[in-house]
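Colleague: Show me how the following folds:
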Amino acid sequence: MSIALVSAGGVTLLLGWAVVVFNRLVRLRNQVRTAWADVDVQLMRRHDLVPALTRAVSAYAGHERGTLEAVTALRDRAQGLHEPVALAAIEPALAAGIQRLLALREAYPDLAASANFLQLQRDLVDVESQLQYARRFYNGAVRELNDAVQRVPDLVVARVSRIGPAAFFEADAAGRSAVQVHLPE
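Modeller: The predicted structure follows:
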């Protein structure tokens, strides 16, 4: 065998390896993007419930205006954000505001009996469940991508192709749990 043939074979193997690694990194990056889109959909569902919830509460507890306005303002701010780190910073406050609105049902028996309010509670239970799943899936996809772009020798291909790590969706200490919604029995 000639040196040229061995060199050509080595270069071919190296390029083949680089293509395989690049394609895997692209697949992982796209999985992270898809997972984030799922989280974003659930957050939008939650955000869409806020106006209906505030309307239902204001009909029975109009003097709770400060809580209603704070939750509405947080929802508006959250809707303008699309990055995991930025949303993770505001979502705990929004979840706490929703929690406060839901807690008003104890103070207002008519609100607790409202079919509209009860349906909103059920919808929030569903959204929170789906959101928890979507966050876990997203963070799993981020972990896989981050592991891949930090492993030798794959990190060479990642750096050359400018595929970097992604940000986890991390809630601060106040937002580590889902909004607690208690359905009447």
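
Colleague: Which secondary structure state does the most centrally placed residue in the chain sit in?
Modeller: Geometric centre of the chain, nearest residue: residue 39, 3.6 Å, by CA atoms, centre = their mean. Secondary structure, DSSP: H, G, I helix; E, B strand; the rest coil: residue 39 is helix.

Colleague: count of residues packed around residue 118?
Modeller: 16 (other CB atoms under 10 Å). For glycine as for every other residue, the C-beta is placed from the backbone atoms N, C-alpha and C.

Colleague: ugh, wrong one, residue 168
Modeller: The number of residues packed near residue 168 is 14, by other CB under 10 Å.

Colleague: Same check on residue 85?
Modeller: Look at residue 85: counted by other CB under 10 Å, it has 11 neighbours.

Colleague: Not counting its neighbours along the chain, what's nearest it?
Modeller: Excluding its sequence neighbours, the residue lying closest to residue 85 (CB to CB, 6 or more residues apart in numbering) is residue 167, at 5.0 Å.

Colleague: May I ask you to confirm that that neighbour is in contact with residue 82?
Modeller: No: look at residue 167 against residue 82 with CB atoms under 8 Å: they stay out of range, at 12.0 Å.

Colleague: Quickly find the element holding the nearest residue to the residue nearest to the centre of the chain once chain neighbours are set aside.
Modeller: The spatial neighbour of residue 39 that comes closest, neighbours along the chain excluded (CB to CB, 6+ apart), is residue 134 at 4.5 Å. Assessed by DSSP states H and E, residue 134 sits inside helix 115-150.

Colleague: Distance check, residue 147 against residue 160.
Modeller: 18 Å (CB to CB, to the nearest Å).

Colleague: Leaving out chain neighbours, which residue sits closest to residue 56?
Modeller: Distance criterion CB to CB, 6+ apart; nearest residue to residue 56, sequence neighbours excluded, is residue 117 at 4.7 Å.

Colleague: Do you know the pLDDT at that neighbour?
Modeller: Looking at residue 117, its pLDDT reads 86.

Colleague: which of the residues in the helix or strand of the chain with the lowest mean pLDDT are buried?
Modeller: Ranked by mean pLDDT, DSSP states H and E, the weakest helix or strand in the chain is helix 109-113, scoring a mean of 79. Buried residues in helix 109-113, defined by neighbour count with 16 or more other CB atoms under 10 Å: residue 111.
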